[in-house]
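> Give me a 3D structure for the following:
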Amino acid sequence: MILRENARKALALTGCGLWLASSLMPLFGGGAKHEVECRGREPPVGGFDACFNDYIPVLELAAPVFAVPLLFLFGSFAMAVWAPPPKLRRHAWRLAPRAGSAAYHPNFAVCCMAGAAWCLWRAWLYPLDRLTLPYMGFWIVFAMWFAGAAVICRQDANGADDA
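Got it, this is the predicted structure:
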């Protein structure tokens, strides 16, 4: 697969946007999931029902606050996996390792596949409904971003020419 340097940079920046958006998914997607799972139910008379508790999503509300400071780390990861090998770079890749991702961390492809698996797992947690389809779609797109990064990492590690 041949990708120009501008396309690689756009994909790296797209990953940063997906990272920030993913911090909002538990909050909004959780609300959609709750609505689908509890549709048509009535409060129980004597027992406990998870649909009618007083749950406050503290962790979900805090996720965007933590996502912003961690954006630098994820941006470094995104730039490292999408950056072309050093000899093929024309642009400045300030957050990418100078020696290239294959020399810096040869297992970036494994990390990317773990990210793809995690995103697919997140998509699998939603019930299949038209209300949750956008959230499932988001996680599938993020999984595809990770899988594409894994392919590029393996290709660059094996010394395939990208120019």
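> Name the helix or strand for the nearest residue to Thr14 once chain neighbours are set aside, please.
Distances taken as CB to CB, 6 or more residues apart in numbering put Trp145 closest to Thr14, at 6.7 Å, once the chain neighbours are dropped. From N, CA and C alone the C-beta is placed, and that goes for glycine too. Secondary structure assigned from DSSP states H and E places Trp145 in helix 133-157.
> tell me which strands and helices that helix is in contact with?
Helices and strands touching helix 133-157, by 3 or more CB pairs under 8 Å, 6 or more residues apart in numbering; DSSP states H and E, are helix 5-22, helix 25-37, helix 58-82, helix 101-104, helix 108-124.
> how about those helices, which one is nearest Cys153?
helix 108-124 (4.0 Å; CB to CB).
> List phi and psi for the residue nearest to Ala67 when sequence neighbours are not counted.
Distance criterion CB to CB, 6+ apart; nearest residue to Ala67, sequence neighbours excluded, is Ser23 at 3.5 Å. Per-residue torsions, Ser23: phi -70, psi -20 (degrees, to the nearest 10).
> picking up where we left off before, only the buried residues of the helix holding Trp145, if you could.
135-136, 138-140, 142-143, 145-150, 152-157 (16 or more other CB atoms under 10 Å).
> got it, and stretch 58-68?
Glu60, Ala63, Ala67.
> that older thread, touching the helix holding Trp145 from outside, list them.
With contact meaning CB atoms under 8 Å, 6 or more residues apart in numbering, helix 133-157 is reached by 1, 3, 8, 11, 14-15, 18, 21-22, 25, 28-29, 32-33, 78, 81-82, 84-85, 100-102, 106, 108-110, 112-113, 115-117, 119-120, 122-123, 126, 128, 162.
> From Trp19, how far off is the residue positioned nearest the centre of the chain?
Nearest to the geometric centre of the chain sits Phe142, at 4.4 Å (CA atoms, centre = their mean). Relative to Trp19, Phe142 is positioned 8 Å away (CB to CB, to the nearest Å).
> Ok, Arg4 next?
23 Å.
> who has more neighbours, those two?
Trp19 (20 against 12; other CB atoms under 10 Å).
> How about Val81, nearest residue that isn't a chain neighbour?
Val81 sits nearest to Ala149 (CB to CB, 6+ apart), 4.3 Å away.
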